[in-house]
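Student: Any chance you can model this:
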Amino acid sequence: MKKILKYLILSLTLMATLVGGLSNYGQVQAQEFNDTLNIGVTNTVSGLNIFNSSDVVAQWVERFMYPSLVDQPEAGVFSSNIAEITTDDNQLYTITILDDVNWSDGTAVSSHDVAFTITTIADPQVETHAASYITAIDGLGDDGKLVEGSDSISGLEVIDDKTLTLTLKEPADPAYVNENIGFKLLIAPKHVVEEQDLYNLGSSEFATNPTVFAGPYKFVKYENGSYVQLEANETYFRGEPKIKNIFIQIMDSTALVTALQSGTVDMSAGGGIGVIPITDINMLRENDNLTIEANPGTSIQFMYFNNAVITDANVRKAFLMAINRDRLVSDLILGEGEIPAATLTSMNPYTDPDLAPVAYDPEAAKALLEESGFDMSQEIVLSVPTGNVTRMTSASLIEQDLEAIGLNVRQITADFATHLSNVGKGDYQLALLSLAFNLDPDQSSYWSKSSINYAQLNDDHLEDLMLRGKTLTSFEERFPVYQEIQAYFQEEALLVPLYSELQFITQSKKLTGGIKPFWLGSLFDIETWSIEQ
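Tutor: Predicted coordinates:
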């Protein structure tokens, strides 16, 4: 009866979410726009502050509006966007801004914008998710902030309006620099942001109602929890986009499937932010108006431990061994995915092929808990974000597995933005969350104690390994370090990698262009996309 009641509550919750999502969607569709691309995402957008957007959806939406220095059209392949990055010795890097790249108000994009973006991130009083991107620059601490007593970055020098140099603490792999500083970092308009209160950017006009852009699209409106509306930037340096209007629709997975079937959404976003339940993929394949393509992904669904609360590695390992991840892959995603051994998927060249996932073993899990003297009567709270139906279903299966070894588990749910805020504050015990990684194996922006650090890690050995890995300059040198990192994550059970789904590109046949296999770099040619009216 208890299980039946739980599933009834879950069903009612999903129904309420669906109705709400469709209601919001209908409000948007009531507006009449020509030449419009509707994109479906299944997580809310936390905000539009490029200095401090910790969720992948917000970071992706911001790429429509703000430029990176380089593009990454394919995983690990870099090309210039608004700049070229060059080096002769892997330690001194020169950034040269291309000519004829302007902000939408006519102001030229300059080296001063890049320097301002970096120095703002490095300001100890500025809250930011991006500090880990710049930690390699000389004059910054391991947290990406100015060292105490310094008021400038010694490794940053503006040469002229179009040129600046970055000196790193140690030589680094150019791929690392291109990935973190070139691609991950979005450049802000100095002349706009410097007029704001830098220490409260999240509530500033720049973050809530931005007006100046150098990307292919301009901001129009954000209806919280419902949609983001964008319009083509007629001054975009590669040419005005062919598609004039974009609506990024926020809805749950079930509503997204319905919208794709009916044609009211033209494309689902990839990378775990426009999630379609695997059980619906074959149904969508039967729709003659849609194209479906499957590719390996870099995204992983995790069960996070709050490592500041669950401090015993044997207890964490017991939880890991108690979860039947084979069942999650076979039953929940119908075999369309894999179980990562640690924090890299099989498509990453740095994945250790000899490290197998920890096996499902509930009896060994019970023994570890008994050996650890764990109080089995205490309540364990599993925090779950709404929106992604597959993830919500996985939460109930995980709860079953943990209860099967005698644990007392209670699920709580919240909308994604609230969930992310709670996890970011460390207000949880266990939490479900996905991450979409880049191909460069440095993940210090997620696991370093000076970064986002949702897992509440404070591990000096891991810090040393991550620092060593990102300062080496070739694959051959770096690979053994990342082997050790993967083994350490598994040995200490710092989190549970649940599964990595194949990434499905799902879009209307009316759309020419769209999501690429490396979805995060898909927007590099968005100005050429077109949609049949």
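Student: quick check: domain ranges of this protein?
Tutor: Domains of the chain are assigned by automatic domain parsing as 2-64+215-295+503-531, 70-193, 299-501.
Student: Worst mean pLDDT among those domains?
Tutor: By mean pLDDT, the lowest-scoring of those turns out to be domain 2-64+215-295+503-531, with a mean of 83.
Student: Turn the domains of the chain into JSON lines, including distance to residue 209 and mean neighbour count.
Tutor: The way it works is simple: take the backbone N, C-alpha and C, and place the C-beta from them, glycine included. Compiled in JSON lines, the domains of the chain are given as follows (distance: least, CB to CB, whole Å; neighbours: other CB atoms under 10 Å):
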{"stretch": "domain 2-64+215-295+503-531", "distance to residue 209": "7", "mean neighbour count": "19"}
{"stretch": "domain 70-193", "distance to residue 209": "12", "mean neighbour count": "18"}
{"stretch": "domain 299-501", "distance to residue 209": "18", "mean neighbour count": "19"}
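Student: Out of those domains, flag the one nearest residue 201.
Tutor: With distances scored as CB to CB, the stretch of the domains of the chain nearest to residue 201 is domain 2-64+215-295+503-531 (5.3 Å).
Student: I'd like the distance from that closest one to the chain centre, please.
Tutor: Shown here is domain 2-64+215-295+503-531, whose average C-alpha point lies 15 Å from the average C-alpha point of the whole chain (CA atoms, centre = their mean, to the nearest Å).
Student: First residue to last residue on stretch 405-418, what's the distance there?
Tutor: End-to-end distance for stretch 405-418: 30 Å, by CA to CA, to the nearest Å.
Student: contacts for that stretch?
Tutor: Contact partners of stretch 405-418, identified using CB atoms under 8 Å, 6 or more residues apart in numbering, comprise 6, 13, 43-46, 55, 225, 318-319, 322, 362, 365-366, 369, 376-387, 392, 395-396, 399, 402-403, 419, 422.
Student: Which ones among the residues you listed lie within helices?
Tutor: Residues from the contacts of stretch 405-418 lying in helices, with DSSP state H as the criterion: 6, 13, 318-319, 322, 362, 365-366, 369, 392, 395-396, 399, 402-403, 419, 422.
Student: could the domains of the chain be laid out in a markdown table, adding distance to residue 202?
Tutor: Rendered in a markdown table, the data for the domains of the chain read as follows (distance: least, CB to CB, whole Å):
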| stretch | distance to residue 202 |
| --- | --- |
| domain 2-64+215-295+503-531 | 5 |
| domain 70-193 | 7 |
| domain 299-501 | 12 |
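Student: got the contact list for the residue lying closest to residue 193 once chain neighbours are set aside?
Tutor: By the measure of CB to CB, 6 or more residues apart in numbering, the closest residue to residue 193 outside its immediate chain neighbours is residue 206, 5.5 Å from it. For residue 206, the residues meeting the contact criterion (CB under 8 Å, 6+ apart) are 49, 188, 192-193, 196.
Student: Keeping just the C-alphas, turn the strand or helix carrying residue 206 into PDB.
Tutor: Assigned by DSSP states H and E, residue 206 falls within helix 205-208. Below are the C-alpha coordinates for helix 205-208, written out as PDB (Å, rounded to 0.1, in the frame of the first residue of the first chain):
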ATOM      1  CA  GLU A 205      19.500  45.400 -15.400                       C
ATOM      2  CA  PHE A 206      22.400  43.600 -17.100                       C
ATOM      3  CA  ALA A 207      21.100  40.300 -15.700                       C
ATOM      4  CA  THR A 208      17.400  40.800 -15.700                       C
END
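Student: Name the residues of it that come out as buried.
Tutor: Of the residues in helix 205-208, those scored as buried under the neighbour-count criterion (16 or more other CB atoms under 10 Å) are 206-207.
Student: Does anything pack onto the next helix or strand after it? Which helices or strands?
Tutor: As assigned by DSSP H and E, the chain's next helix or strand after helix 205-208 is strand 217-223. Counting by 3 or more CB pairs under 8 Å, 6 or more residues apart in numbering; DSSP states H and E, the packing neighbours recorded for strand 217-223 are helix 2-29, strand 227-232.
Student: so where do the helices sit in the stretch 201-350 of the chain?
Tutor: In the stretch 201-350 of the chain, helices defined by DSSP state H, counting those that start in this stretch lie at 205-208, 253-262, 278-285, 313-322, 325-327, listed in chain order.
Student: tell me how far the first one is from the chain's mean position?
Tutor: The chain centroid and the centroid of helix 205-208 are separated by 21 Å, computed with CA atoms, centre = their mean.
Student: show me the residues around the nearest residue to residue 102 once chain neighbours are set aside that make contact.
Tutor: Leaving out its chain neighbours, the residue that sits closest to residue 102 by CB to CB, 6+ apart is residue 108, at 5.5 Å. The neighbours of residue 108, taking CB under 8 Å, 6+ apart as the test, are 101-102, 161.
Student: Got the phi and psi for residue 108?
Tutor: Taking degrees, to the nearest 10, you get phi -70, psi 140 for the backbone angles of residue 108.
Student: So it versus residue 101, what's the distance?
Tutor: Taken as CB to CB, to the nearest Å, the spacing of residue 108 relative to residue 101 amounts to 7 Å.
Student: cool, and residue 147?
Tutor: Remark: distance between residue 147 and residue 101 (CB to CB) = 32 Å.
Student: Kindly report the same for residue 260.
Tutor: Distance of residue 260 to residue 101, computed by CB to CB: 35 Å.
Student: Could you double-check that residue 62 sits in contact with residue 46?
Tutor: No. Applying CB atoms under 8 Å as the test, residue 62 and residue 46 come out as separate, 10.8 Å apart.
Student: Hmm, residue 501 is touching residue 297, no?
Tutor: Yes. Counting by CB under 8 Å, residue 501 touches residue 297, with 6.5 Å between them.
Student: How about the contacts made by the residue lying closest to residue 110 once chain neighbours are set aside?
Tutor: Sequence neighbours aside, residue 161 is the residue nearest to residue 110 in space, at 4.8 Å (criterion: CB to CB, 6+ apart). Remark: with contacts taken as CB under 8 Å, 6+ apart, residue 161 is in contact with 97, 108, 110-112.
Student: and the gap between residue 161 and residue 108?
Tutor: Here the distance between residue 161 and residue 108 works out to 7 Å (CB to CB).
Student: quick one: contacts for the spatially most central residue of the chain?
Tutor: Note on the chain: the residue nearest the mean C-alpha position is residue 56, at 3.2 Å, using CA atoms, centre = their mean. Residues near residue 56 by CB under 8 Å, 6+ apart: 43, 271-273, 435-436.
Student: Quick one: those as CSV, columns for distance to residue 246 too.
Tutor: CSV is the format used below for the contacts of residue 56 (distance: CB to CB, whole Å):
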residue, distance to residue 246
43, 17
271, 17
272, 20
273, 15
435, 25
436, 20
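Student: State the pair within these that is farthest apart.
Tutor: It's 43 and 435 that sit farthest apart of those, by CB to CB, at 12.3 Å.
Student: Name the SS class of the nearest residue to residue 51 once chain neighbours are set aside, please.
Tutor: If the residues on either side of it in the chain are set aside, residue 51 comes closest to residue 128, at 4.7 Å by CB to CB, 6+ apart. At residue 128 the chain is in coil, as set by DSSP: H, G, I helix; E, B strand; the rest coil.
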